[in-house]
Each structure stands twice: as C-alpha cells, then as structure tokens.
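Asks: let's see this in three dimensions:
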Amino acid sequence: MESNSGTTIPRNSSGRRKNRGVVAQGSTTAEGSRFWRKLRIFLCCMLFTSKKNESISNDRSNQRNERQATNEVVRHQVVTSGSSTTRRSRSRARTCTPNMSPELIVASSLLRRFSFNDLKLATRNFKADNLLGEGGFGTVLKGWISPNGNYAARPGIGIPVAVKSLNLNGLQGHKEWLAEISYLGELHHPNLVKLIGFCIENDQRLLVYEYMCRGSLDKHLFRGVRRQLPWSMRIKIMIDAANGLTFLHEEASKPIIFRDFKTSNILLDMNYVAKLSDFGLARDGPMGGATHVSTQVLGTQGYAAPEYVMTG
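Replies: Below is the predicted model:
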C-alpha cells in the first residue's frame, strides 16, 4: 500500500487474520447456540411426545378396564336374570306339575300353559267390564295375550282371547275342564272353536280360547240384537254347525257325541263363521262295531227351545 509520499505501507496481514478468526469464532458460536437450541427443542418434543403416549396408553388401559368391568356386570346380570327366569319356570312347574295327570299331560301337549297371574293380568284382574258371558262352567272374560308366548299383553299389542274360569261352586268341575282339553287339544276343524291353552294351579282351572267377536248365536236370534240375521246368513250358520257335528260324528279319529248342542254354544267370528264350543259334556261315541252308547241327558237343566217358549 502506498502513501501520498510514495512510501509503501505494508499490509496488516496479522490483523486481517485476527478479524477472520473473530468472525469464524463468532460464526461457530452462533452455530453452536443454534444447535443447542434445536437440541433443547428436540428433547422437549421428545419428552412431550413420551408423556402424550403415556397418557394415551393410560387412557386405553382405563378404557379396557372399564369395558371389562362393564362386561362383568352385564354377564352377572344375564346370569342372574337367567337364573331367576329358571327359578320362575321351576316354580311354575312345581305349582302345576303335581296336578298334571298323565292324561292331562298327553292331551295338553299341543297347548300353551299359562300361569294364573298371567291370565289375571291378561283379563285386567278379571275385570267385570271384560265379561263375555256365564254358564254352567263359570265365567268367560275377554283378555289379551302375546301372539306366540304364554304371557299377558296390552290391548292393541297382543291378541284378544276368551278366558273361561271354572266356578268352584258351579255345576261342572275338573272332569268337564279336563274333557275340554282332551277333545279340543286334539281336534282341529274350521267349525270347532280353537283352544289355545289352559291354566291349572292349586284349585284354579282356566281355559283360553280364540276370541269370537260376534258372540253366541242366541244373542243374534233371541236377545234383541239390532241387526237381524238375513235368511241366507242363517242358512250358512246352520250349515257350518252341521259341518262341525259331522266332523265329530264321522270324520274325527274316534266318534264324539257333543251332548250340548244349542244356540248359546254356537259362536260366530268376524265373518259369521259358526263354530261349536263348550266340550265339557262331550264323550266318546260308539266304537268297535257298537251301534250306540248309553248316556244321561245333560246340558242346561230344564232347557227348552226358545222358539217353543216364545210361541208355544
């Protein structure tokens, strides 16, 4: 380097090197600080991630424990419910089985067996408003049961049925009740009323039939029903009843004598299809080449045809 006087001034190479060293040292220090800052951030992230994973793991573990506890509770409830249901079934079986004779067991194999409490609920505690009729056997009330089960149901949800309850002080008893089951439990015909099930508990004897919404024929003929049956309908009902008797006498596996044929024992469904009911007095007909059987005159005591009483 030259001065104004022409004198050459030597370059300060050592100072430049010192400056370069300072710059290099400063750059290294900055890079180091950035490195440590990044390392601290990285370690913080690793620590946060570890804690987060640990928290997630704990949550999953707690969820598994809760699910296991819930499953145990549900399993316990199912077992308890199943055992209680089994106990109820066994209790009902103990209530009914002692009264189940071999004859009844065979005859009722195709019928539903109801408990007394179920039929009590089905008829709303045998409410008088549900009364359909009374006879020598006892009272008949309307009720509702489940379509496929043997328990009560609410009106509009279940199916309507007629529940016949034996009057312990009436003219008929266990023998007639058993006859109904023996015959209607085996016989099936469009012109015979369908027996759905029964109840036998202690002294209680009940029968459950399909509900015949038009009631008995005598109500339409002699009790002032507003709509009078036309002759065509009367002839149809007469043919239906005759078909039912023909089935009993000639088409059943063994001939049966109905013994209580009257208009109050002919029931009508929604379409006025006539069906025979009340088989408590029925008995087996002649078999094995016999031409007749001896029997007493049974049915309503002192019965006379209403037409005869009304017209002489």
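Asks: low pLDDT regions in the stretch 151-300 of the chain?
Replies: 170-171, 224-226, 287-300 (pLDDT under 70).
Asks: can you pull the contacts of Val193?
Replies: Taking CB atoms under 8 Å, 6 or more residues apart in numbering, we find Val193 in contact with Leu184, Tyr209, Glu210, Met212, Leu267, Lys275, Leu276, Ser277. Any C-beta I mention is one placed from the backbone N, CA and C, and that applies to glycine too.
Asks: Leu141 versus the fourth one, what's the distance?
Replies: With distances taken as CB to CB, to the nearest Å, Met212 is found 13 Å from Leu141.
Asks: quick one: which of those two has more around it?
Replies: Shown here are Met212 and Leu141; by other CB atoms under 10 Å, Leu141 has more neighbours (24 against 21).
Asks: was I right about the more buried one contacting Thr123?
Replies: Yes: in this structure, Leu141 is within contact of Thr123 by CB atoms under 8 Å, at 4.6 Å.
Asks: overlap of the contact sets of those two?
Replies: In terms of CB under 8 Å, 6+ apart, Leu141 and Thr123 are both contacted by the residues Asn130, Val163.
Asks: before we move on, the earlier item: what's the overlap in contacts for Met212 and Leu141?
Replies: Ala162.
Asks: quick one, phi psi at Asn150?
Replies: Backbone torsions of Asn150, given as degrees, to the nearest 10, read phi -120, psi 40.
Asks: shouldn't it be in contact with Phe114?
Replies: Yes: counting by CB under 8 Å, Asn150 touches Phe114, with 5.1 Å between them.
Asks: what residues are shared contacts of the two?
Replies: Counting by CB under 8 Å, 6+ apart, the common neighbours of Asn150 and Phe114 are Gly197.
Asks: Leu276 - how many residues pack around it?
Replies: There are 25 residues near Leu276, going by other CB under 10 Å.
Asks: correction: the previous question concerned Arg214.
Replies: 16.
Asks: the nearest residue to it once chain neighbours are set aside pairs with what?
Replies: Excluding its sequence neighbours, the residue lying closest to Arg214 (CB to CB, 6 or more residues apart in numbering) is Leu268, at 3.5 Å. Leu268 has these beta-bridge partners by DSSP bridges: Gly215, Ala274.
Asks: distance check, Leu268 against Leu111.
Replies: 23 Å.
Asks: ok, these two, which is more surrounded?
Replies: The neighbour count for Leu268 versus Leu111, taken as other CB under 10 Å, is higher for Leu268 (21 against 18).
Asks: ok, the more buried one touching Met212?
Replies: Yes: taking contacts as CB under 8 Å, Leu268 lies within contact range of Met212: 6.1 Å.
Asks: from Ala252, how far off is Gly244?
Replies: Counting by CB to CB - Gly244 and Ala252 are separated by 11 Å.
Asks: between these two, point out the one with more neighbours.
Replies: Comparing Gly244 with Ala252 by neighbour count (other CB under 10 Å), the higher total belongs to Gly244, at 23 against 18.
Asks: can you verify my assumption that the more buried one contacts Leu187?
Replies: No: between Gly244 and Leu187 there is no contact, the gap being 9.8 Å when judged by CB under 8 Å.
Asks: picking that back up, and Asn150 and Phe114? which has more neighbours close in?
Replies: When Asn150 and Phe114 are compared for neighbours, Phe114 comes out ahead with 29 against 18, by other CB under 10 Å.
Asks: and for the more buried one, nearest residue in space, chain neighbours not counted?
Replies: Cys199 (4.6 Å).
Asks: could you do Gln172 as well?
Replies: Gln172's closest residue in space is Phe137 (CB to CB, 6+ apart), at 4.8 Å.
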